[in-house]
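Q: quick check, what structure comes out for this input:
(chains A and B)
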Amino acid sequence: MPEKFVTRGFVGRREPAGTQTKRIPPGQHLVKDFPVLSAGPTPRTDLAKWTFRIEGLVKEPVSWGWNEFQKLPAQDFVKDISCVTKWTKLDTRWRGVSVDILLEQVELDRRAAFVTAFSDGGYTTNIPLPELVNGQAFVAYGYDGKPLAPEHGGPARLVVPHLYFWKSAKWVRGLRLMDRDVAGFWESLGYNNHGDPWKEERYTGD
Amino acid sequence: MKRTLEWQIATVSRIKPETAEVRTLTLALPDWTAHRPGQHYDVRLTADDGYAAQRSYSVASEPERTGEIDITVERVPNGEVSPFLLDTVVVGDRFEVRGPIGGYFVWDESVGGPILLVAGGSGVVPLMAMLRHRAATRVKTPARLLYSARTYEQIIYGPELDMLASQDGFKVSYTLTRQQPPGWKGYGRRIDDAMLAEVRKPLGLEVVAYVCGPTALVEVAADGLERIGLSADRIRTERFGPSGT
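A: Got it, this is the predicted structure:
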């Protein structure tokens, strides 16, 4: 980036003293509410029909119903999240199951290197497998002490807090292990394939 | 096509007040590329100490107008960028933009139709780009706009919408949710299934729907469109919350 282009008369609203600005990625601003973004209507899934599946390059696919999923060891997570539409929210409180726990239930083919998360309504997003493990990602069904609301991705969504939030697929129904990287929904429509907020990987080519 | 979206310096070439809290800025772009109606640009403002803020604004103009774009900005109470664009910016000012961005909430002839557009407040902006494009290219795709505003005075682009509605194949229906002028013949309530069904009826069920506005309106309208028989994959939404801009 060449020298910064200063906008005449723009001062900006700085975060108040004491705000942890070091936690706000470049080009982002803090919000206190929880904006909703999605490309289509909010799916309403009958929990009796809900399943979560791990498939693709695994020895045996595995699938949990809603009640079985609730019996998996759950954890509380407190994470900062950043949306590509420029908002960042600090200390969001989730309850869910670590992807590490889910992957312990299958035997991975050694070719597995990428994951496509797939959702009700046909949404997909792609994430390299190494970025989903070692405590970096979880499937959440609770938010702020309550069941996760449908407009925020309930009954369950993937949460990958270190990437822009479109990678945290709402209404997630499973993970597909793959040997190659296949662009998901937004990744095919001009958004960055990787999506690291600290590198400002918003759009294709960033 | 893997083109990096580079920042470029836009010059404000015209300013048009739309309502008391909304105005349109025409931006001349040195590196203009045709957008698809519905796409947006990112705006970056930088203070002299290097502090920068970014926001996204939908393009309001049609891609047939080359070399420039319109963005229509609504004041967000206690906002950071919108008050600057409304109160401080004058013709000749320059700031950084990059775009066009977004490949789903877009309409052109390749998507087909008929199209049913549902807007809440300034959510009409990307839909206006679609309607202007439709008029500029004289395509015959049947189109309806259902536009929810709080009051008559808060309708954006009213005269132009009425002018477009005098042409073939397009009609606009307004609903004013807070206050209606004397003799008002439009709707006077929040969007509901009955209203959606009435507006949709002349178009048939094979419509593509675009819904843009605040989250609460989008949820109601998108769910309602499914209830009145549209399939979910024909309903495209774009939402902005209280902190959207």
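Q: which of the three states applies to the most centrally placed residue in chain B?
A: Of all residues in chain B, the one closest to the mean position by Cα atoms, centre = their mean is B:Val125, 1.7 Å from it. Remark: B:Val125 carries the secondary structure label helix [criterion: DSSP: H, G, I helix; E, B strand; the rest coil].
Q: so what touches stretch B:216-234?
A: Contacts of stretch B:216-234 from elsewhere in the structure, counted by Cβ atoms under 8 Å, 6 or more residues apart in numbering or on different chains, are A:36, A:40-43, A:121-122, A:151, B:116, B:118, B:120-121, B:123, B:148, B:190-193, B:196-197, B:200, B:205-209, B:211-213, B:235, B:237-239. In this view, the C-beta of every residue, glycine as well, is placed from N, C-alpha and C.
Q: same thing but at 7 Å, please
A: Contacts of stretch B:216-234 with the rest of the structure, by Cβ atoms under 7 Å, 6 or more residues apart in numbering or on different chains, involve A:40-42, A:121-122, A:151, B:118, B:120, B:148, B:191-193, B:196-197, B:200, B:205, B:207-209, B:211, B:235, B:237, B:239.
Q: mind checking which of those residues land in helices?
A: Filtering these for membership in helices, criterion DSSP state H, returns B:193, B:196-197, B:200.
Q: so B:Thr24 sits in a strand?
A: Yes - the assignment for B:Thr24 is a strand, going by three-state DSSP.
Q: how about low-confidence regions in the chain?
A: All of this is about chain A. Along chain A, the model assigns pLDDT under 70 to residues A:1-3.
Q: if you could check chain B rather than the one you did, that'd help
A: Low-confidence segments of chain B, defined by pLDDT under 70, span residues B:1-2, B:241-245.
Q: what does it put close to chain A?
A: With Cβ under 7 Å from any Cβ of the partner chain as the criterion, chain B meets chain A at residues B:2-5, B:9, B:45-48, B:50-51, B:53-56, B:80, B:84, B:88, B:93, B:95-96, B:101-104, B:215, B:219, B:222-223, B:226, B:232-233, B:235-237, B:239, B:241-244.
Q: neighbour-wise, which one of the ones in helices among the contacts of stretch B:216-234 leads?
A: B:Leu196 (24 neighbours; other Cβ atoms under 10 Å in any protein chain shown).
Q: burial of the nearest residue to that residue once chain neighbours are set aside, as a residue count?
A: Counting by Cβ to Cβ, 6 or more residues apart in numbering or on different chains, the nearest residue to B:Leu196 once its immediate chain neighbours are dropped is B:Gly224, at 4.8 Å. Counted with other Cβ under 10 Å, residues neighbouring B:Gly224 total 22.
Q: try A:Asp80
A: Using other Cβ under 10 Å: A:Asp80 sits among 18 other residues.
Q: and the residue nearest to B:Leu196, which of the three is it?
A: For B:Gly224, the reduced secondary structure class is helix; criterion used: three-state DSSP.
Q: could you check how far the residue nearest the centre of chain A is from B:Arg144?
A: For chain A, the residue whose C-alpha lies nearest the mean C-alpha position (Cα atoms, centre = their mean) is A:Ser168; its distance is 1.5 Å. Look at A:Ser168 and B:Arg144: by Cβ to Cβ, to the nearest Å, they are 35 Å apart.
Q: then B:His35?
A: B:His35 is 23 Å from B:Arg144, by Cβ to Cβ.
Q: repeat that for B:Glu80.
A: Remark: distance between B:Glu80 and B:Arg144 (Cβ to Cβ) = 36 Å.
Q: neighbour-wise, which of the two wins?
A: More neighbours sit around B:Arg144 than around the other of B:Glu80 and B:Arg144, counting by other Cβ under 10 Å; the figures are 23 against 17.
Q: may I ask you to confirm that that one belongs to a helix?
A: No - membership of B:Arg144 in a helix is not supported by three-state DSSP, which gives strand.
Q: so how far is the top strand by length along chain B from its chain's centroid?
A: In terms of residue count, the longest strand belonging to chain B (DSSP state E) is strand B:8-19. In terms of Cα atoms, centre = their mean, to the nearest Å, the gap separating the centre of strand B:8-19 from the centre of its chain is 16 Å.
Q: show me the contacts for the nearest residue in space to A:Arg111 that is not next to it in sequence.
A: Sequence neighbours aside, A:Asp179 is the residue nearest to A:Arg111 in space, at 4.1 Å (criterion: Cβ to Cβ, 6+ apart). Going by Cβ under 7 Å, 6+ apart, A:Asp179 touches A:57, A:111-113.
Q: now the buried members of those residues.
A: Of all the contacts of A:Asp179 considered here, the ones buried according to neighbour count by 16 or more other Cβ atoms under 10 Å in any protein chain shown are A:57, A:112-113.
Q: helix, strand, or coil at the closest residue to A:Gly190 other than its chain neighbours?
A: Nearest in space to A:Gly190, with sequence neighbours left out and distances taken as Cβ to Cβ, 6+ apart, is B:Gly103 at 4.8 Å. What three-state DSSP gives for B:Gly103 is coil.
Q: tell me how many other residues surround B:Gly103.
A: When neighbours are counted by other Cβ under 10 Å, B:Gly103 registers 16.
Q: cool, and B:Asp93?
A: The burial metric for B:Asp93, expressed as a neighbour count using other Cβ under 10 Å, is 19.
Q: what does B:Thr33 give?
A: Based on other Cβ under 10 Å, the number of other residues close to B:Thr33 is 11.
Q: in which helix or strand would I find it?
A: Counting by DSSP states H and E, B:Thr33 is held by no secondary-structure element, helix or strand.
Q: who's in contact with it?
A: The contact partners of B:Thr33, by Cβ under 7 Å, 6+ apart, come to B:Pro100.
Q: try it again at 10 Å.
A: Each residue near B:Thr33 by Cβ atoms under 10 Å, 6 or more residues apart in numbering or on different chains is listed here: B:3, B:5, B:63, B:66, B:99-100.
Q: so chain B: which segments form each domain?
A: Chain B is divided into the following domains under automatic domain parsing: B:8-101, B:115-240.
Q: looking at chain B, which residue lies furthest from center?
A: Counting by Cα atoms, centre = their mean, the extreme residue of chain B relative to its mean C-alpha position is B:Asp49, 33.3 Å from that point.
Q: is it in a helix, a strand, or coil?
A: The three-state label for B:Asp49, taken from three-state DSSP, comes out as coil.
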